[in-house]
Each structure stands twice: as structure tokens, then as C-alpha cells.
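J.: The following comprises the amino acid sequence and a computationally predicted model.
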Amino acid sequence: MGIIDNTATDPNKILPLRYAWARGYYKAGVANNWVPEEVSMQKDVEQWKAPDVISADERRLILWNLGFFSTAESLTANNIVLAVYAHVTNPECRQYLLRQAFEEAIHTDTFIYCCDSLGLDPDEIYTMYRTIPSIERKDAMVIEMTRSIVAPGFTTATAQGVRDLLHDLVGYYVIMEGIFFYAGFAMMLALKRQNKMVGVGEQFEFIMRDESVHLAFGSDLINAIKAEHPHSWTPAFQDELIDLIRRGVEMEAAYARDACPRGLLGINADQFAAYVEYIADRRMERIGLPRQYGRDNPFPWMAQTIDLNKEKNFFETRVTEYQTAGSLTWD
């Protein structure tokens with residue numbers, strides 16, 4: 001019994017474990033549990049309503065990020081439930097996929113909470129994937145990656161079928177969650193470092209820490225499939241994936257320039273683009289592909305968001321701690 005391509009699955013056979021790392025990521029997800037209502041939005045509401053606190057450029061940045069993430073999390077959840085779960089048949093991996101699907105639902109709820117708290121127009125926020133070209137291009141790219149493995153009759157019984165599944169996994173774990181999310185994370189956390197929109201920023205911190213576990217699981221899943229199906233990991237296929245990832249990096253850099261066209265907070269779109277190239281190299285190395293950019297990290301403070309435990313004053317909100325995020329190596 002491998003990680004994929006099993007003709008039958010027994011839901012009672014999660015023990016003995018074959019892939020202990022998958023069980024470890026499930027336990028990490030449970031330890032990281034949170035809900036958006038734990039985060040106070042009172043200061044954010046006051047700042048958002050004050051005309052002289054949040055500038056027009058900062059408002060654009062915030063709206064662009066809420067617009068992208070509000071639908072991106074749903075796309076990721078759909079891919080897990082409708083595509084990946086059907087073909088990743090190992091029980092402990094499926095247990096984690098269910099946990100991740102729950103977390104994507106929490107993330108989706110986060111943007112409902114933010115929009116409701118700030119009194120934003122949902123028709124504006126939730127249609128940005130159609131009205132903002134840089135967001136539309138990113139969403140269209142990841143939707144296209146799912147088409148082959150949700151098609152009737154798709155199977156991983158062939159080398160091409162395994163490549164198609166790996167293509168989808170790289171698309172969602174490496175590009176969507178590992179690259180497309182990270183310029184937005186850096187933008188919102190840069191705001192938070194200036195004591196602006198702290199509640200929204202804190203929720204982005206929670207989401208980013210969840211994503212660090214998603215990325216680690218997705219990379220181990222890709223590597224396990226590669227190890228069990230080495231005939232599928234051809235040099236030509238690796239070149240195809242590198243080209244795909246590079247195209248994703250270009251899209252994320254274009255989005256960063258669109259969301260932050262004039263620079264703010266002492267940082268600018270070129271730095272966001274450099275950060276995307278830096279993390280893209282790390283993502284590629286994690287799945288055995290060569291680095292493409294050789295960038296240094298322009299935002300070393302981003303690592304602190306994952307490495308430090310999250311604690312809140314008892315009288316402000318209940319204590320929430322990320323117990324295992326510090327053991328991960330993602331930015």
C-alpha cells in the first residue's frame with residue numbers, strides 16, 4: 001500500500017502508521033487551533049474609519065489582500081476536497097487533509113469576519129478575482145492546474161497520471177500556498193509592524209503559521225510520491241515544473257506592484273518581488289528542484305512570525321499558542 005494509487009482503502013487501518021510525518025502534521029494542526037473571533041478588531045475599526053490614520057495607498061493594499069485571500073482560501077479547500085483527497089489514499093495523509101480542509105474553512109471565515117468588522121462591501125471584495133487583473137490571473141492559473149485530475153476517468157495508475165497529480169500538488173502547495181500568499185503576508189505584517197490594522201495583521205499571522213504546516217506537509221507528500229514513483233519524476237517534467245513556478249513568481253511580483261504601486265512603510269514593491277523570489281528558491285529546494293534566483297531575504301523579520309509562540313494577555317483574549325511552529329523552517 002503506497003501513498004496513492006490504492007484501489008481500496010480501509011478507514012479503520014490508520015494504524016500501524018506508514019507515514020509518521022503525516023500524523024505529526026495533523027497533531028501540529030490541532031495544537032495550532034484558533035478561530036478569528038478570538039482577535040479583537042476594535043482598534044482596526046477605529047483606524048479604518050479615521051481618514052488621517054490609514055492612507056489611500058494603505059487602504060488599497062488592504063483591500064487587494066482581502067480581495068485575493070477571500071476567494072483563494074476557498075479555491076485551496078476545493079482542491080483538497082474535490083481533487084487531492086480522492087487520489088491520496090493513505091489514511092494518515094487523509095486525516096491531515098481533513099484537518100487542512102477545516103483550517104481553510106477557518107481562513108475563509110477570517111475574511112468574512114474582517115469584512116463584517118470593517119463594514120466593507122462584500123460585492124467589491126468577493127468579486128476582485130474578476131475585477132482586478134493581477135488577482136484574476138493568479139486564480140485562473142491555479143484553477144487550470146486542477147482540471148486534469150478532476151476530469152472523469154482520471155487515474156494515477158500511469159506515469160502521466162502521477163505527473164498530473166504532482167503538477168496539481170506543486171500548483172497548490174508550492175505556488176498557491178507557498179508563493180502567491182507570501183507577498184500578501186509580508187504586506188499585512190509590515191502594516192502591523194507600524195501598529196496599523198493590528199487585528200487583521202494578527203489574523204494573517206495565524207493564517208501564515210497554519211500555512212507553514214501546510215507547506216511542510218505538501219512538500220513531504222510530493223517527495224513521498226516522487227520516491228514511490230521515480231519513473232514519473234523525469235528531467236523534462238522537472239523543467240516543466242520550474243517553468244511553472246517561475247511563471248507563478250512573475251504573477252506574484254506583478255500582484256505586489258499592483259497592490260503597492262508607490263511603496264509605503266519604508267518598503268516597496270521591488271522588495272516584495274525580491275522576497276517572493278527568495279521564498280520560491282526555498283520552495284523548489286524543498287522538493288528537489290534547483291534554486292533559480294539566489295536572493296537574500298529582504299524581510300528577515302518575517303521568520304519571527306513563524307518562529308515565535310503566539311501569546312495574548314489573559315484579560316484581552318484567551319491564550320492561544322502555536323506549540324509546534326517553531327520547529328518548522330518555512331518563511
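T.: It's in.

J.: Identify each of the helices in the stretch 51-200 of the chain and give its residue range.
T.: In the stretch 51-200 of the chain, the segments counted as helices under DSSP state H, counting those that start in this stretch are 56-79, 85-87, 91-118, 122-125, 128-131, 133-150, 159-169, 182-193, 198-228.

J.: so can I have a markdown table of those showing distance to Ala273, mean pLDDT and mean neighbour count?
T.: For every residue, glycine as well, the C-beta is placed using N, CA and C. As requested, the helices of the stretch 51-200 of the chain are exported to a markdown table (distance: least, Cβ to Cβ, whole Å; pLDDT from 0 to 100; neighbours: other Cβ atoms under 10 Å):
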| stretch | distance to Ala273 | mean pLDDT | mean neighbour count |
| --- | --- | --- | --- |
| helix 56-79 | 15 | 94 | 21 |
| helix 85-87 | 34 | 93 | 17 |
| helix 91-118 | 24 | 96 | 20 |
| helix 122-125 | 24 | 94 | 13 |
| helix 128-131 | 20 | 94 | 16 |
| helix 133-150 | 12 | 91 | 17 |
| helix 159-169 | 25 | 96 | 20 |
| helix 182-193 | 8 | 91 | 23 |
| helix 198-228 | 19 | 96 | 22 |
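
J.: and of these, who's closest to Val35?
T.: The closest of these to Val35 is helix 91-118. By Cβ to Cβ, the value is 6.3 Å.

J.: So which elements touch that closest one?
T.: Packing contacts for helix 91-118, counted by 3 or more Cβ pairs under 8 Å, 6 or more residues apart in numbering; DSSP states H and E, involve helix 20-31, helix 42-49, helix 56-79, helix 85-87, helix 122-125, helix 198-228.

J.: mind checking which of the helices of the stretch 51-200 of the chain is nearest Pro300?
T.: So among the helices of the stretch 51-200 of the chain, helix 182-193 is nearest, using Cβ to Cβ, at 11.4 Å.

J.: Now do the closest one: which elements does it pack against?
T.: Where contact means 3+ Cβ pairs under 8 Å, 6+ apart, helix 182-193 is packed against helix 56-79, helix 198-228, helix 235-259, helix 269-286, helix 302-307.

J.: export these to CSV and tack on distance to Trp21?
T.: Formatted as CSV, the helices and strands packed on helix 182-193 follow (distance: least, Cβ to Cβ, whole Å):
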stretch, distance to Trp21
helix 56-79, 20
helix 198-228, 5
helix 235-259, 22
helix 269-286, 13
helix 302-307, 18
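
J.: Kindly state which of those is positioned closest to Val88.
T.: helix 198-228 (6.8 Å).

J.: about what we covered before: tell me which of the helices and strands packed on helix 182-193 lies nearest to Phe185.
T.: With Cβ to Cβ as the measure, helix 198-228 is the member of these nearest Phe185 (5.0 Å).

J.: Fine, thanks again, bye for now.
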